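# Let me see the structure of the following:
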Amino acid sequence: MTRNLSDVTRTRNGRPVHHWRRDVVELAALFTAVAAADGVANLIGHGPGGTTLLLVSAVVLAATAGFHIWWSRRHGHAPPVTDTGARPPSEGQQAGPGAAGTGSGASTLWRMRTTVKDEPGSLAELCTALAGCRVDILSLQTHPLADGTVDEFLLRAPAGLAASELSRVVAAAGGGDTWIERADAHDLVDAPTRILGLATRTALDAAELPLALRQLLGRCTIRQSPAGASGAGGPEGAPVEGALEDTVLRLRAPEGGVITVERPYLPFTPTEFARARALVDLDARLGPRLPHGEDVLTLPEGNEITVRRADARDLEAAREMHERCSARSLSLRYHGPVGDADRYLNHLLSPRYGRTLAVQTASGRIVGLGHLLWDGDETEVALLVEDAWQRRGVGGELLNRLVALAAEAGCESVYAVTQAANTGMVAAMRGLGLPLDYQIEEGTLVVTARLESARAAASTTTEEQHGDRLPKD
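Purely as a prediction, here's the structure:
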């Protein structure tokens, strides 16, 4: 567009250029206005009817001003009151918070990673290519590498833009090893806030470490080998500072074991490795810890029980409960020789492998244990209730609370391994009111509950999820 030079203040050597002719004209106009004002004042002050002439002039001026305002607004010559002088965007450029530039305003959230050259302008070229497709960059993280940079984006794109087309655009702009997946509203939380939240959860509860690592690193499989299972230099071991091997992280667990994190679909970056190691170091510095909350509930017959978290400090009380359980109850729970039941307790009560809830009586005796176990990408639930306390709602209460914990942790499903003859466990799973899948093989029954509805209600408090009185099994 050609600009009018008369409307532009021209400069010379960075200073405005003033013209003497314009200054003379302005000075002459000033003197003319002063002379005219003096003449009007003399005419009104010394001539006949001066006061009348002044009033008539005021009325005429007011009428003229009012007519001008009316005429300007009627014919649109004046800008609106809220006008700022900015050019309004065209209809195709206007987009609300949920729009991505399409006519219908529909949009899709994507998480994308791509590797670009570590040189000036490479990121700008990529962002320009995304803008050309009307893709909005909501957040950006950079992961420096030895020979480039991994850029992680949260994108809002038009709903009609497919992932394959987006990958093609990124590749044309210089991006390589591009990975794209759908995102949701939870990804809108910025990275520092999310990492601080995970650190807080880990600080409050040692059982949160595997969950925090999974949420920090995305979809991955986390396994922990106990101390002494293999040497630090072996294939399953890890040095004190940890090890990064493309799609595998190995970290030294606080109690001496090895935490192995695998993500086959996407290599880890040094930045992710440093974040994971910092989280594990925080857990090691804080030492063993457990939330102190507990709930006192009343059984239908009037007895009070307490439900609380349990850990390795309850090992002796758990062994005493085993001694009071019948051989049939232990066999239905552990699916093996009854004499081996005690050796499972160290693993079950460790917060590294999941969460354990204990039910104890007013005298402090443990009469029930419920376990939520992290099994790679899946989650297992298991129950054991002392014979004298069975069929009184204890198992159902434990299971409901374990499922609520799984939903809060973001698990998509939980499964229970039992026997077809264990009608109490089957009834407890059916009492959840969730969609169930059954698999039976050689007398072993695997019942899987899908947690879509439970996850939607995970924000409610424990008191709202569980009443003061327990239903019978």
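
# And for T64, the neighbour number?
Applying other CB atoms under 10 Å, we find 10 residues neighbouring T64. Bear in mind the C-beta positions are built from the backbone N, C-alpha and C, glycine included.

# L332 too?
L332, neighbours per other CB under 10 Å, totals 18.

# Which residue is the nearest non-sequential neighbour of it?
Spatial nearest neighbour of L332, excluding adjacent residues (CB to CB, 6 or more residues apart in numbering): N422 at 4.8 Å.

# how near is the one you found to G395?
The spacing between N422 and G395, counted by CB to CB, to the nearest Å, is 11 Å.

# Compare those two and say which one has the larger neighbour count.
G395 (24 against 20).

# which is the next helix or strand following whichever strand or helix holds that one?
G395 is part of helix 394-408, with elements assigned from DSSP states H and E. Next along the chain after helix 394-408, taking DSSP H and E as the criterion, comes strand 413-419.

# what helices or strands is that next one leaning on?
strand 378-385, helix 394-408, helix 423-430, strand 444-450 (3 or more CB pairs under 8 Å, 6 or more residues apart in numbering; DSSP states H and E).

# between that strand and helix 394-408, how many degrees?
Per axes from the mean of the first three to the mean of the last three CA atoms, to 10 degrees, the angle that strand 413-419 makes with helix 394-408 is 150 degrees.

# what does strand 413-419 contact?
Residues outside strand 413-419 that contact it (CB atoms under 8 Å, 6 or more residues apart in numbering) are 332, 335, 372, 378-383, 402-403, 406, 425-426, 429, 443-451.

# can you rerun that using 6 Å?
332, 379-381, 406, 425, 429, 445-451 (CB atoms under 6 Å, 6 or more residues apart in numbering).

# how about that strand: buried residues?
S413, V414, Y415, A416, T418, Q419 (16 or more other CB atoms under 10 Å).

# what residue ranges in the chain score low on pLDDT?
The model of the chain has pLDDT under 70 over residues 1-20, 34, 40-41, 43-51, 53-54, 72-105, 227-237, 376-377, 453-473.

# quick one, helices of it?
Remark: helices assigned in the chain by DSSP state H are 20-46, 50-75, 122-132, 163-172, 191-204, 209-217, 270-286, 315-324, 327-334, 345-348, 394-408, 423-430, 452-456, 462-465.

# Now do G176 against S122, distance only.
11 Å.

# Who has more neighbours out of these two?
When G176 and S122 are compared for neighbours, S122 comes out ahead with 17 against 12, by other CB under 10 Å.

# Spell out which residues sit in contact with the more buried one, please.
Counting by CB under 6 Å, 6+ apart, S122 touches V116, G174.

# same deal with S326?
D387.

# related to what we said a few turns ago, could you flag which of the contacts of strand 413-419 are buried?
By 16+ other CB under 10 Å, the contacts of strand 413-419 give L332, T379, E380, V381, A406, M425, M429, L445, V447, T448, A449, L451 as buried.

# In the beta-sheet assignment, what are the partners of the fourth one?
For V381, the residues forming beta bridges with it (DSSP bridges) are L372.

# wait, it sits on L402?
Yes: using CB atoms under 6 Å, V381 is in contact with L402, at 5.0 Å.

# Between the two, which contacts overlap?
L372.

# What separation is there between the residue nearest to L332 and T193?
44 Å.

# now E165
32 Å.

# Neighbour count for the two, which is higher?
Using other CB under 10 Å, the more surrounded residue of E165 and T193 is E165, with 12 against 9.

# For the more buried one, which non-adjacent residue is closest in space?
E165 sits nearest to C133 (CB to CB, 6+ apart), 7.8 Å away.

# Looking at the helices of the chain, which is nearest to E262?
The closest of those to E262 is helix 209-217. By CB to CB, the value is 10.0 Å.

# Report the inter-axis angle for the closest one versus helix 394-408.
Computed by the same axes, to 10 degrees, the angle between helix 209-217 and helix 394-408 is 30 degrees.

# Now helix 209-217: buried residues?
Within helix 209-217, the residues that count as buried by 16+ other CB under 10 Å are L209, P210, L211, A212, L213, R214, Q215, L216, L217.

# That one: how far from the chain's middle?
Its chain's C-alpha centre and that of helix 209-217 lie 12 Å apart, by CA atoms, centre = their mean, to the nearest Å.

# Check stretch 400-414 too.
18 Å.

# cool, stretch 293-306 as well?
36 Å.

# same thing with stretch 133-146?
Relative to its chain's centre, stretch 133-146 lies at 17 Å (CA atoms, centre = their mean).

# Equivalent analysis for stretch 121-130, please.
26 Å.

# do the same with stretch 251-269
22 Å.

# same check, this time on stretch 240-251
Taking mean C-alpha positions (CA atoms, centre = their mean), stretch 240-251 and its chain are 25 Å apart.

# cool, and stretch 257-275?
Relative to its chain's centre, stretch 257-275 lies at 19 Å (CA atoms, centre = their mean).

# got the buried residues for it?
So, applying 16+ other CB under 10 Å, buried residues of stretch 257-275: 257-263, 266-269, 272-273, 275.

# Compare the helices of the chain and report which one is nearest to L297.
Nearest of these to L297, taken as CB to CB: helix 394-408 at 6.9 Å.

# between the closest one and strand 444-450, how many degrees?
Using the same axes, to 10 degrees: helix 394-408 against strand 444-450 is 50 degrees.

# Grab the nearest non-local neighbour of W389.
Per CB to CB, 6+ apart, closest to W389 is V367, 4.5 Å.

# okay, now the one you found: neighbour count?
As a burial measure, V367 scores 22 neighbours (other CB under 10 Å).

# For it, which residues are in contact?
Shown in contact with V367 (CB under 6 Å, 6+ apart): V359, T361, E386, W389.
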